[in-house]
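A.B. asks: need a structure here:
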Amino acid sequence: MKVVKFGGTSIQTPERMKLAGKSIKKLVEKGEKMFVVVSAMGDETDSLIGMLNDAGINQDAWFLAVGEIKSARFLTLVLRNMGIKVEEVEPQNPLWPVVVESGEPVIDEGRRRIEKLLEQKNQAEVFVIPGFICTGMDGTVDTLGRGGSDTTAFIIGRLIDADEVIIVTDVEGVYNADPNIFPTERIKRIHADKLSDLSAFGAGVIHPDALKHKGEKQRSKIIHFKFGDLEYEGTHIFGEVERKIFLLKEILALVTIHRRGILENNNDLLKVLPDIRIYGITTGIDYTGFYVKDNDADAFANRMLEHFKGIELTIRREISMVVFKKESPRDRPGLVSSILDKLKKHGINLVEISSIGREVQVYVEKRDGEKVIEILRREEKDA
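C.D. replies: The predicted structure is shown next:
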């Protein structure tokens with residue numbers, strides 16, 4: 001069984017909605033059954049948010065979900081008109097499958113509901129689900145956040161053990177840069193972990209939270225709506241998003257250059273960097289620091305002193321780096337502050353902590369590296 005998700009631009013007009021319907025019909029005629037997840041048409045969610053803001057009203061999940069529900073009902077009518085046996089499922093249905101508690105899907109409950117739905121509606125060829133929406137165990141309606149329809153698709157895929165999740169959007173797949181700005185190449189295959197990293201750094205092709213719900217062996221792909229063909233190649237996504245904690249085996253040193261206004265001269269700085277691996281960079285208004293291997297620190301420092309006059313230079317040695325790679329950049333609010341509290345509680349002297357994309361990087365004195373690993377592993381269990 002497949003899951004197909006249509007983004008807002010791919011169903012923005014009645015013509016595009018009909019094109020989506022035709023692409024679904026082609027697979028149904030080949031004997032496929034599927035769940036179809038839809039976003040709001042075009043920029044409708046933005047309009048709904050704007051209406052509430054203009055009226056001075058707090059955001060209301062039911063109101064914001066109107067766009068997705070309208071899309072689901074429209075597509076259901078289109079498919080029914082094509083002779084397809086279709087069932088639409090909305091949040092008020094007791095068998096609504098996207099159940100979330102504390103920000104995570106309740107898989108057992110979702111599976112129970114979806115199995116019952118498939119049993120009761122076993123004649124249906126297509127099930128249409130409005131994306132973006134979720135409910136609590138008590139039926140309270142909420143949303144998965146902007147771009148949450150991608151997440152809906154992969155949650156449904158997880159619940160039904162889908163053999164494939166297809167994301168239909170307004171690009172022909174994943175590119176090595178923004179195709180609207182740069183000459184680019186389409187990537188034919190990409191690991192889910194790498195795509196999750198790209199999404200965390202702003203690649204808008206898929207929601208950063210969605211891929212953490214993808215199964216390791218589940219096939220997934222991203223295709224353009226304009227072809228009207230769900231069997232189009234696009235970009236295939238393989239593997240699953242990794243969540244890992246590790247202690248870098250190399251012992252590092254922090255070489256810091258101190259000079260007023262150094263940020264204004266970073267181009268000169270980058271030109272003279274020696275051929276030494278840099279593990280991290282930290283910057284301030286009047287300093288720039290480089291994490292390098294401890295035994296490379298002297299050579300690195302000498303190169304800086306040779307090329308820059310009027311600087312002060314410091315070296316802090318014997319530093320361990322611990323990396324916590326999360327499943328999602330928004331994996332857990334307050335994660336960094338929670339880590340800081342625990343480091344303080346255990347009397348660990350912090351050199352630096354940074355959070356970027358999916359990674360939290362913790363730099364501490366060498367003697368504390370293993371202790372930090374233990375703290376982060378406990379943090380992971382609590383997440």
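A.B. asks: count of residues packed around the closest residue in space to K293 that isn't next to it in sequence?
C.D. replies: Nearest residue to K293, sequence neighbours excluded (CB to CB, 6 or more residues apart in numbering): E250, at 5.3 Å. C-beta coordinates here come from the backbone N, C-alpha and C atoms, glycine included. E250: 16 surrounding residues under other CB atoms under 10 Å.
A.B. asks: Can you tell me the SS state at E250?
C.D. replies: Look at E250: counting by DSSP: H, G, I helix; E, B strand; the rest coil, its state is coil.
A.B. asks: Could you report the separation of it from R317?
C.D. replies: 13 Å (CB to CB, to the nearest Å).
A.B. asks: Find residues that contact each of these two.
C.D. replies: D294 (CB atoms under 8 Å, 6 or more residues apart in numbering).
A.B. asks: who's in contact with stretch 65-72?
C.D. replies: 6, 11, 38-41, 44-45, 48, 88, 90-91, 128-133, 141, 143, 149.
A.B. asks: in it, what's buried?
C.D. replies: Buried positions in stretch 65-72, judged by neighbour count with 16 or more other CB atoms under 10 Å: A65, G67, E68, I69, S71, A72.
A.B. asks: cool, stretch 307-318 as well?
C.D. replies: F308, L313, R316.
A.B. asks: Wait, the first one touches R259, no?
C.D. replies: Yes. Counting by CB atoms under 8 Å, F308 does reach R259; the two are 7.1 Å apart.
A.B. asks: Can you give the domain ranges for the protein?
C.D. replies: Domain assignment of the chain by automatic domain parsing yields the ranges 2-238, 244-382.
A.B. asks: which of those domains is buried the deepest?
C.D. replies: domain 2-238 (a mean of 19; mean count of other CB atoms under 10 Å).
A.B. asks: Quick one: mean pLDDT over that domain.
C.D. replies: The average pLDDT within domain 2-238 is 94.
A.B. asks: chain center to that domain: distance?
C.D. replies: Distance of domain 2-238 from its chain centroid, counting by CA atoms, centre = their mean, to the nearest Å, is 14 Å.
A.B. asks: can you check stretch 296-313 too?
C.D. replies: 40 Å.
A.B. asks: Put the alpha carbons of that stretch into CSV.
C.D. replies: Output of stretch 296-313 as CSV, limited to C-alpha atoms (Å, rounded to 0.1, in the frame of the first residue of the first chain):
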residue,chain,number,x,y,z
ASP,A,296,48.3,20.5,15.3
ALA,A,297,47.7,23.6,17.6
ASP,A,298,51.3,24.9,17.6
ALA,A,299,51.6,24.7,13.8
PHE,A,300,48.2,26.4,13.4
ALA,A,301,49.2,29.2,15.8
ASN,A,302,52.5,29.8,14.1
ARG,A,303,50.8,30.2,10.8
MET,A,304,48.4,32.8,12.2
LEU,A,305,51.2,34.7,13.9
GLU,A,306,53.2,34.8,10.7
HIS,A,307,50.4,36.4,8.7
PHE,A,308,48.7,38.7,11.1
LYS,A,309,50.3,41.5,13.0
GLY,A,310,48.8,43.2,16.1
ILE,A,311,47.0,40.1,17.3
GLU,A,312,46.9,38.2,20.6
LEU,A,313,46.7,34.5,20.4
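A.B. asks: if we look at it, which residues are touching it?
C.D. replies: Applying CB under 8 Å, 6+ apart, the set of residues contacting stretch 296-313 is 253, 255-259, 268-269, 272-274, 276-277, 290, 292, 315, 317.
A.B. asks: So what's the model's average confidence on that stretch?
C.D. replies: On average, stretch 296-313 scores 90.
A.B. asks: I'd guess R317 is in a strand, am I close?
C.D. replies: Yes. Assessed with three-state DSSP, R317 lies in a strand.
A.B. asks: distance of the residue nearest to it when sequence neighbours are not counted from V372?
C.D. replies: Closest residue in space to R317, ignoring its immediate chain neighbours: A253 at 4.7 Å, by CB to CB, 6+ apart. Per CB to CB, A253 is found 18 Å from V372.
A.B. asks: Also A299?
C.D. replies: With CB to CB as the criterion, A299 and V372 are 28 Å apart.
A.B. asks: Next: G7.
C.D. replies: Where V372 is concerned, G7 sits at a distance of 41 Å (CB to CB).
A.B. asks: Could you do E250 as well?
C.D. replies: For E250 relative to V372 (CB to CB), the value is 15 Å.
A.B. asks: same check, this time on P130
C.D. replies: For P130 relative to V372 (CB to CB), the value is 43 Å.
A.B. asks: the helices in the stretch 251-383 of the chain, which residues?
C.D. replies: Ranges of helices in the stretch 251-383 of the chain, per DSSP state H, counting those that start in this stretch, are 266-271, 297-307, 335-345, 369-382.
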